[in-house]
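fold the following and give me the result.
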Amino acid sequence: MIKIWLTLFLLFFTSLIADPLIINTELRPQNVLKGASLYIDADGNRSVEEVLDDFSLFTVFDSEKIDLGFTTDQVWIRFSIKNSSARPLHPVLELDNPMLDYIELYEIKESQVISHESTGLLSPYDFEGPLNFNFELSIEPETTQDYLLQVNTTGSSLYFKATIMTQKALCQKELQHQLIQTLYLGLIIGLIIYNFFIYFFSRDTNYLYYVGYQIFMVLTYSSLTTITKHIFEPKVMAIDAFMGLYYLIGAMAFMLLFTRSILKLHEIKWIDNGIKVFLLLDMILLSLIMTCCYPIHATIALTLLGSLYLIVISLYLKYKGHPYATYIVVGWSVSLTGSISLILFQLGKAPYMETSPYIYEFTVVFEAILFSIVLGKRINHNKALAKALATQKVLVKELHHRVKNNMQLIISLYRLKFSYVKDNAISSRLIENENNIIAMSAIHEVLYAQEDLEQLDTQTYFQQLIDLLHHSLNQRNISIVFNSSVSLPPQQAIYCGIILNELVTNAIKYAFQERKKGEIEISLYEKKKKVTFCIKDNGIGFDESVKTESFGLVLVKALAEGELHATMEIDTEDGSSYCFKWDR
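Residues are numbered from 1 along each chain as shown. Below you'll find the model as predicted:
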């Protein structure tokens, strides 16, 4: 019976002891995790003495990589290395995750710590070396050395491989890795500068939003890879690691704004409301990070959902025939593929990243080049539109010029006609008609002289009409005061010009018959999106109860109500006052 219990005890005990990793003078790279003893401390508060006192906590680890995802657990790994050669060896132990917060390596003998080294992103470290954290070991000939490795991190995913190799092999590996990262960053930064200069000269906000997105993506990448470790001191790198979520939220916000701008999503209310919801959630996450917590999972989930939302709405717009939707679908789909691959790799769910570790960099470069080409194409399209618009402006101006000349010909014919008319009443009617034609002709003259063909400068236009009335009616004793703060569409300005011509002509002819002097006040202003046009005089006024068959007043009323869709108010106290109000 004693022999059975002894056998079971030996079997149990030997199952807890990992076989030593045997090395020799060749020192080829070897993974130390597979076959090592592993203990995961869920509380994360055990000391090294407690762990060494209770060896039963450990189990044999049968994998080459630790993959625990985002966790607060603490990992303890016990392993042994045997130097089978006849001379001392000095291998390097490398952990391939540069985002680990705390790493402790204990050299142990008979369950006692004989030496201890610390490193990690939140620990003091030598930032002159490789990006990945490493320890230089020293093992005497024909001896076996025991080690205890302690790792924990909260700012990133807890994943890593632990490999021993020569210093030369580590330098070669690191040189290749940093070369690829430098090329990637150099290309992205070059595109940032290129797009910023185009924004500076074109003032196209699409470029500004995309530059903002690229800057935050570079910051996120530098935070994930700690590539700036050689530039900044450990304290700065610790802050940079914490800023990772800020960078991710910033990139998400600019990605939404860029897509909203280039696809003109503000014109589609239900899609734009979705964009605003994501931006609001971004702000909520930002406030949470600044006040109470560090929501890694929520931030990553929101970023992925936001990217997916942009892809779905872009597919919808592609179906609707939007010219840029296809590029947005391809660009964000490729970018989302790279982001998902990176997240799955950190969670230990993307084994293909072991053989293709630069998928993320490739997808970001592809997306950046694609969108830079799209924005360049947009600039060329805008140039073509600007050229077409300039040509159209020239043609429209020429049209206004020709219309003005034709109307001037009609006015000349009128003048020829009434030069033979001796009847003053008929001559007066012809002059009034001539002034109406001039009122319409002046519109085309003003439009020909100004750049904006959509809105007419009423100050210039009405002043021309007032000067014309003074000249044609020869009434210098009557002053006309005009004040305008509103520009009008040309068609509305024409109707206002004819109304002004009729009412001012009436006032000059009839309002001041018994007076030597008089004043006519004309005002045009806008308040609360309502345009008000008033013509007042301080003449004798008239009796509204007396019916009049005046063609001028009939024309004024028809233009006001039928064309301007305005209300017309008449006041005959202290002279005559006509006010017209219509919606802008």
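
how does this structure divide into domains?
What automatic domain parsing lists as the domains of the chain is 16-165, 173-385, 473-584.

can you put these in CSV and add mean pLDDT, mean neighbour count and distance to residue 459?
Using the backbone N, CA and C atoms, a C-beta is placed for each residue, glycine as well. Formatted as CSV, the domains of the chain follow (pLDDT from 0 to 100; neighbours: other Cβ atoms under 10 Å; distance: least, Cβ to Cβ, whole Å):
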stretch, mean pLDDT, mean neighbour count, distance to residue 459
domain 16-165, 85, 17, 64
domain 173-385, 85, 17, 29
domain 473-584, 81, 16, 5
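
and of these, who's closest to residue 467?
Set against residue 467 and scored by Cβ to Cβ, the domains of the chain come closest in domain 473-584, at 9.2 Å.

distance from that closest one to the middle of the chain?
How far domain 473-584 lies from its chain's middle: 51 Å, per Cα atoms, centre = their mean, to the nearest Å.

tell me the pLDDT of residue 445.
pLDDT, residue 445: 58.

spit out the contact partners of the residue nearest to residue 540 when sequence neighbours are not counted.
Of all residues not flanking residue 540 in the chain, residue 511 sits nearest, at 6.0 Å (Cβ to Cβ, 6 or more residues apart in numbering). With contact set as Cβ atoms under 8 Å, 6 or more residues apart in numbering, residue 511 has these partners: 518, 537, 539, 540, 541, 575, 576.

same thing but 7 Å
For residue 511, the contacting residues are 518, 537, 539, 540, 575, 576, by Cβ atoms under 7 Å, 6 or more residues apart in numbering.

same check, this time on residue 290
Contacts of residue 290 (Cβ under 7 Å, 6+ apart): none.

what about it, distance to residue 219?
17 Å (Cβ to Cβ, to the nearest Å).

residue boundaries of the strands in the stretch 101-250 of the chain?
Using DSSP state E, counting those that start in this stretch, the strands of the stretch 101-250 of the chain run over 102-109, 112-119, 133-136, 143-152, 158-160, 162-165.

listing partners with orientation, what would you give for the first one?
Applying DSSP bridges to the sheet, strand 102-109 is found paired with strand 112-119 (antiparallel), strand 143-152 (antiparallel).

my read is that residue 111 contacts residue 52, right?
Yes: Residue 111 sits in contact with residue 52 when judged by Cβ atoms under 7 Å, with a separation of 4.8 Å.

between these two, which contacts overlap?
Common neighbours of residue 111 and residue 52, using Cβ under 7 Å, 6+ apart, do not exist here.

what does whichever strand or helix holds residue 75 contact?
Here residue 75 sits within strand 74-83, counting by DSSP states H and E. Strand 74-83 has contacts (Cβ under 7 Å, 6+ apart) with 18, 20-23, 32-33, 36-41, 44, 51, 58, 66, 89, 139-152, 158, 164.

I figured residue 571 hits residue 577, correct?
Yes: using Cβ under 7 Å, residue 571 is in contact with residue 577, at 4.0 Å.

any shared contact partners between those two?
Counting by Cβ under 7 Å, 6+ apart, nothing touches both residue 571 and residue 577.

surely residue 262 is in contact with residue 205?
No: Residue 262 lies out of contact with residue 205 (Cβ under 7 Å); the separation is 9.5 Å.

how about the strands in the stretch 251-400 of the chain?
Using DSSP E, counting those that start in this stretch, strands in the stretch 251-400 of the chain do not occur.

and stretch 346-363, end to end?
17 Å (Cα to Cα, to the nearest Å).

now do stretch 229-244
Stretch 229-244: ends 15 Å apart by Cα to Cα.

same check, this time on stretch 483-499
Termini of stretch 483-499 sit 16 Å apart (Cα to Cα).

and what of stretch 66-77?
First-to-last distance for stretch 66-77 - Cα to Cα - comes to 10 Å.

thinking again about what came up before, looking at the strands of the stretch 101-250 of the chain, which is nearest to residue 529?
Of all those, strand 158-160 comes closest under Cβ to Cβ, at 60.5 Å.

residue contacts, the spatially closest residue to residue 529 that is not a sequence neighbour?
Leaving aside its chain neighbours, residue 529 sits nearest to residue 584 (4.7 Å; criterion: Cβ to Cβ, 6+ apart). Going by Cβ under 7 Å, 6+ apart, residue 584 touches 526, 529, 530, 531.

ok, now how distant is residue 584 from residue 90?
Applying Cβ to Cβ, the value for residue 584 to residue 90 is 83 Å.

do residue 522 as well
Distance check for residue 522 against residue 90: by Cβ to Cβ, it reads 97 Å.

and what of residue 520?
Going from residue 520 to residue 90 by Cβ to Cβ gives 104 Å.

tally of neighbours for residue 459?
Residue 459 has 16 neighbouring residues, counting by other Cβ atoms under 10 Å.

who does the helix or strand hosting it touch, helix- and strand-wise?
Assigned by DSSP H and E, residue 459 falls within helix 458-473. Applying 3 or more Cβ pairs under 7 Å, 6 or more residues apart in numbering; DSSP states H and E, we find helix 458-473 packed against helix 424-449, strand 478-484, helix 490-506.

partner strands of the second one, parallel or antiparallel?
What it means is strand 478-484. Here, using DSSP bridges, strand 478-484 pairs with strand 518-527 (parallel).

you'd agree residue 86 is in a strand?
No: applying DSSP: H, G, I helix; E, B strand; the rest coil, one finds residue 86 to be coil, outside a strand.

pretty sure it contacts residue 141?
Yes: Residue 86 lies in contact with residue 141 (Cβ under 7 Å); the separation is 5.1 Å.

and of the contacts of residue 584, the nearest to residue 552?
Nearest to residue 552, judged by Cβ to Cβ, of the contacts of residue 584 is residue 531 at 22.1 Å.

wait, that closest one touches residue 582, no?
Yes: using Cβ under 7 Å, residue 531 is in contact with residue 582, at 5.6 Å.

for residue 62, which of the strands of the stretch 101-250 of the chain is the nearest?
strand 162-165 (14.6 Å).

one step back: state the pair within the contacts of residue 511 that is farthest apart.
Maximum distance among the contacts of residue 511 (Cβ to Cβ): 11.1 Å, for 518 and 576.

overlap in contacts, those two.
Counting by Cβ under 7 Å, 6+ apart, the contacts common to residue 518 and residue 576 are 511, 537, 539.

my guess is the last one contacts residue 573, does it?
Spelled out, it's residue 539. No: between residue 539 and residue 573 there is no contact under Cβ under 7 Å: 11.9 Å.

now the spatially closest residue to residue 103 that is not a sequence neighbour. Its backbone dihedrals?
Closest residue to residue 103 apart from its sequence neighbours, by Cβ to Cβ, 6+ apart: residue 120 at 4.4 Å. With angles defined as degrees, to the nearest 10, residue 120 sits at phi 120, psi 160.

so who does residue 120 touch?
Counted by Cβ under 7 Å, 6+ apart, residue 120 has contacts 100, 101, 102, 103, 133.

show me the contacts for the nearest residue to residue 328 once chain neighbours are set aside.
Using Cβ to Cβ, 6+ apart and skipping the chain neighbours, the partner closest in space to residue 328 is residue 314 (4.2 Å). By Cβ under 7 Å, 6+ apart, residue 314 lies in contact with 263, 325, 328, 329, 332.

residue 314 and residue 204, how far apart?
As for residue 314, its distance to residue 204 is 20 Å (criterion: Cβ to Cβ).
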